[in-house]
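> I'd like to go over a predicted model; first the sequence, then the structure.
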Amino acid sequence: MFAVCRADELAPGESTRFVADVPIAVFNADGVFYAVDDTCTHQDASLSAGFLEGCFVECPLHAAFFDLRSGAPTGPPAKRALRTHQVLVEGGTVYVQLTPREVELPLEAEGAA
């Protein structure tokens, strides 16, 4: 488990990035913290630099949207889900427990290329 930051250091609507086995983005979506792999599955862009709308993040490169709760893309150009991670806030600190990399991520829709 990784200690990322103090909860009061990450205001609602903001994100931060740290590097574990891959870069990880942590978002504060109206007081609820989410963590996902930081790299867009469509093309190599940092999602922590993206635009947060509720519990969705928009990739700054090609406007792919991802649901931070599930990692699922909402439509093209991204077709593969992000790996999501468990977030725990304890004692005012935000912790992230990484999901194993071996977890198979679903395609957005059957037959997506």
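Cool, the structure landed.
> tell me which residue lies nearest the centroid of this protein.
Val36 (2.7 Å; C-alpha atoms, centre = their mean).
> mind listing what that residue touches?
Ile24, Ala25, Phe27, Leu47, Val57, Phe66, Leu68, Gly71, Leu82, Arg83, Thr84, His85 (C-beta atoms under 8 Å, 6 or more residues apart in numbering). From N, CA and C alone the C-beta is placed, and that goes for glycine too.
> surely Gly13 is in contact with Asn28?
Yes: Gly13 lies in contact with Asn28 (C-beta atoms under 8 Å); the separation is 6.8 Å.
> looking at the two, which is more packed in?
More crowded of Gly13 and Asn28, by other C-beta atoms under 10 Å: Asn28, with 21 against 13.
> ok, now which ones touch the closest residue to that one other than its chain neighbours?
Closest residue to Asn28 apart from its sequence neighbours, by C-beta to C-beta, 6 or more residues apart in numbering: Leu10 at 4.6 Å. Contacts for Leu10 (C-beta under 8 Å, 6+ apart) come out as Thr16, Val26, Asn28, Phe33, Val94.
> and which of the residues you listed is nearest Ala3?
For the contacts of Leu10, the closest approach to Ala3 (C-beta to C-beta) belongs to Val94, at 7.5 Å.
> and the closest one, how many neighbours does it have?
22.
> whichever strand or helix holds it - contacts with which helices or strands?
Applying DSSP states H and E as the criterion places Val94 in strand 93-97. With contacts defined as 3 or more C-beta pairs under 8 Å, 6 or more residues apart in numbering; DSSP states H and E, the packing partners of strand 93-97 are strand 2-6, strand 23-29, strand 84-90.
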